[in-house]
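**Student:** structure for this input, please:
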Amino acid sequence: MLPSHDIFKIDSDGSVLWRGTAESLVVAKLRIQTLARVSPGDYLVLDQHTGDRLRITIQDTSTQAGSVEAHTL
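**Tutor:** Here you go, the predicted structure:
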């Protein structure tokens, strides 16, 4: 199966940096949790098939669960 979700990191100035792909939204969320250990903040998941976008914010990685917010764009 080809990856259908692109993962981007949103910088404070609004620019985006491509961080990889995932086969599903579930896998994309797991990858973002891993990426946020080093670089917490805002991430964007783009579904290439539907065009849906999901913004995920991870602010606190000092705890195991952290603080996660997700918003459909």
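
**Student:** list the contacts for residue 45?
**Tutor:** By C-beta atoms under 8 Å, 6 or more residues apart in numbering, residue 45 lies in contact with 5, 6, 7, 8, 22, 25, 28, 29, 32, 53, 54, 56. No exception for glycine: its C-beta is placed from N, CA and C like everyone else's.

**Student:** tell me the contacts of the fifth one?
**Tutor:** Translated: residue 22. Under the criterion of C-beta under 8 Å, 6+ apart, the neighbours of residue 22 are 3, 5, 7, 28, 30, 31, 45.

**Student:** closest to residue 13 among the residues you listed?
**Tutor:** residue 7 (18.8 Å; C-beta to C-beta).

**Student:** I'd say that closest one and residue 44 touch.
**Tutor:** Yes: shown here, residue 7 and residue 44 form a contact pair, counting by C-beta atoms under 8 Å, at 7.5 Å.

**Student:** please report phi then psi for the most centrally placed residue in the chain.
**Tutor:** Residue closest to the mean C-alpha point of the chain, counted by C-alpha atoms, centre = their mean, is residue 43 at 3.8 Å. Residue 43 adopts backbone torsions of phi -130, psi 160, taken as degrees, to the nearest 10.

**Student:** beta partners for it?
**Tutor:** residue 9, residue 56 (DSSP bridges).

**Student:** ok, the one 4 residues further on next?
**Tutor:** When assigned by DSSP bridges, residue 47 has beta-bridge partners residue 5.

**Student:** ok, it - contacts?
**Tutor:** By C-beta under 8 Å, 6+ apart, the contact list for residue 47 reads 4, 5, 25, 53, 54.

**Student:** neighbour-wise, which one of those residues leads?
**Tutor:** residue 5 (22 neighbours; other C-beta atoms under 10 Å).

**Student:** residue contacts, the closest residue to residue 49 other than its chain neighbours?
**Tutor:** Leaving aside its chain neighbours, residue 49 sits nearest to residue 4 (5.3 Å; criterion: C-beta to C-beta, 6 or more residues apart in numbering). For residue 4, the contact set (C-beta under 8 Å, 6+ apart) comprises 21, 23, 24, 47, 48, 49.
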